[in-house]
Structure formats: C-alpha cells, structure tokens
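Student: Curious how this folds, go ahead:
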Amino acid sequence: MDTPDLPPQRAAVLAYLRRELTSGRSPSLAEIAEAFGFASRNAAQKHVQALLAEGLLEQAPGQKRGLRLPGGTAPLLPLQVLGRVAAGPPIGADIGLDEQLWLDRRMFSPQPDYLLKVQGDSMIEDGIVDGDLVGVHRTSDARDGQTVVARIDGELTIKRLQRGRHGIRLLPRNAAHAPIVVEAGQDFAIEGVYCGLVRKG
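Tutor: Coordinates of the predicted model:
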C-alpha cells in the first residue's frame, strides 16, 4: 500500500498498526503508547488521528478498539475474549480478559458472539488444543452431537453434547478423559455452540 511521506516516528506507528491489524488485533492507545515509549496516550492519539486524516487507517464508529485497515474486502467482525473455557474438568470463567480481535467473519459458522480461551486437552481429536480461542454462538439450544460450551454448577467446559434416554452427557474428544454425566439436580445450562477457532502464533 502506497503511503505519503510521513515523519519517521509516524511511519513506524503505521507499520506497527498494519502488523497488528493484519493479524486480527486492534491495539488500544495505551498499547501503542507503551510500544513506542510515549509518555501518555495523547501522543499515540495524535499519530492515530493524523493517520486517519491521511486515509491510511479507518475508525469503526462506536468501537473502543475500532481501528482497521482501509480498503479491505474481507468483512471483519469484532469479537471480545470473555474468559477461559475448560477442555478438561470444568473451570470458572474469568470474565473480562480485555482483549478484542477483528476477525474475518467467514472463518466461522454460525457467526460467533464472543471468544473463549481453551485450557486443557480434552478436545484434541476435534482439533481444539490448549491456548486456542474458540468462537461461541450464544444459544441455549443445541443438537445431539454438537460441540457446546456448557455451564455446570457455575463452571464452563467445552465438549460434545450427547442427549439420550438416560439424560445428558458431555463427551471429550481425547481417550484420556472421561465423559461428564450431568446429574439430576445439577445447575446445568448450554451457553452456546462452538463455531470455529483462532490459533494465535
């Protein structure tokens, strides 16, 4: 992409932002300031505003981290990482990891509402490994055999759903892990269905 002559520091900020945005991540002003050793976010904001004025960046309206590259043809979807989900024994969800990614919505089906970071290895045979970010479409309705994010007694896990005459089981995709049997009286809910993943390098 051609650029006009920019002051060296502004050109460096633009190069940094292009790298981050191409990888699907929109940095905050605080992160830009930290990356360049600016004393405050105001300096970062001046560079960003100048790049916006030049048409070298675009700002999505109403988005806290809404910077994006101009002219992109892929429709980008802002997704918040809301916490962690167990691929193993259920774990509590630590809501609010304060990270947002801009991702090509064509990577997912159906469209996700948020991301969760996987912790554990119980779903490796389905290609879901520790550290992956899984897209979750928020719904309480899931079919037998779908991979779901379920809440059991206040804790989250990702497993394959099995509905049968004897109730509900959550199946791992790793022989080293046992199925989770949902007992009568347990606080159980389907939070959403799995709809794709992001693996950060």
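Student: need the contact list for V81.
Tutor: When contacts are counted by Cβ atoms under 8 Å, 6 or more residues apart in numbering, V81 touches 97, 99-101, 114-117, 133. Glycine gets a C-beta too; all of them are placed from N, C-alpha and C.
Student: And the residues you listed, which of them are buried?
Tutor: Buried members of the contacts of V81, counted by 16 or more other Cβ atoms under 10 Å: 99-101, 114-117, 133.
Student: closest to R84 among those?
Tutor: Proximity of those to R84 was ranked by Cβ to Cβ; the top entry is K117 with 4.8 Å.
Student: OK, contacts around the closest one?
Tutor: Contacts here follow Cβ under 8 Å, 6+ apart; on that basis K117 touches 81, 83-85, 97, 131-133.
Student: Likewise for P89?
Tutor: Contacts here follow Cβ under 8 Å, 6+ apart; on that basis P89 touches 120, 157.
Student: would CSV of the contacts of K117 with pLDDT and distance to E125 be doable?
Tutor: Below are the contacts of K117 laid out as CSV (pLDDT from 0 to 100; distance: Cβ to Cβ, whole Å):
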residue, pLDDT, distance to E125
V81, 88, 24
G83, 86, 24
R84, 88, 21
V85, 89, 17
L97, 57, 27
G131, 92, 17
D132, 92, 14
L133, 92, 19
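Student: From those residues, which land in strands?
Tutor: When DSSP state E defines the strands, the subset of those inside them is 81, 83-85, 133.
Student: Just the closest of those to L56, please.
Tutor: V81 (27.2 Å).
Student: what sits opposite the closest one in the beta ladder?
Tutor: E99, L115 (DSSP bridges).
Student: Can you give me the distance of it to E31?
Tutor: 15 Å (Cβ to Cβ, to the nearest Å).
Student: could I have the one helix or strand in the chain whose mean pLDDT sits lowest exported to CSV, CA atoms only?
Tutor: Every helix and strand in the chain was compared by mean pLDDT, DSSP states H and E; the lowest is strand 99-104, with a mean of 78. Extracted C-alpha coordinates of strand 99-104, given in CSV (Å, rounded to 0.1, in the frame of the first residue of the first chain):
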residue,chain,number,x,y,z
GLU,A,99,-8.9,-8.3,24.6
GLN,A,100,-10.7,-7.8,21.3
LEU,A,101,-9.8,-9.2,17.9
TRP,A,102,-11.0,-8.2,14.5
LEU,A,103,-11.5,-11.4,12.5
ASP,A,104,-12.8,-12.4,9.1
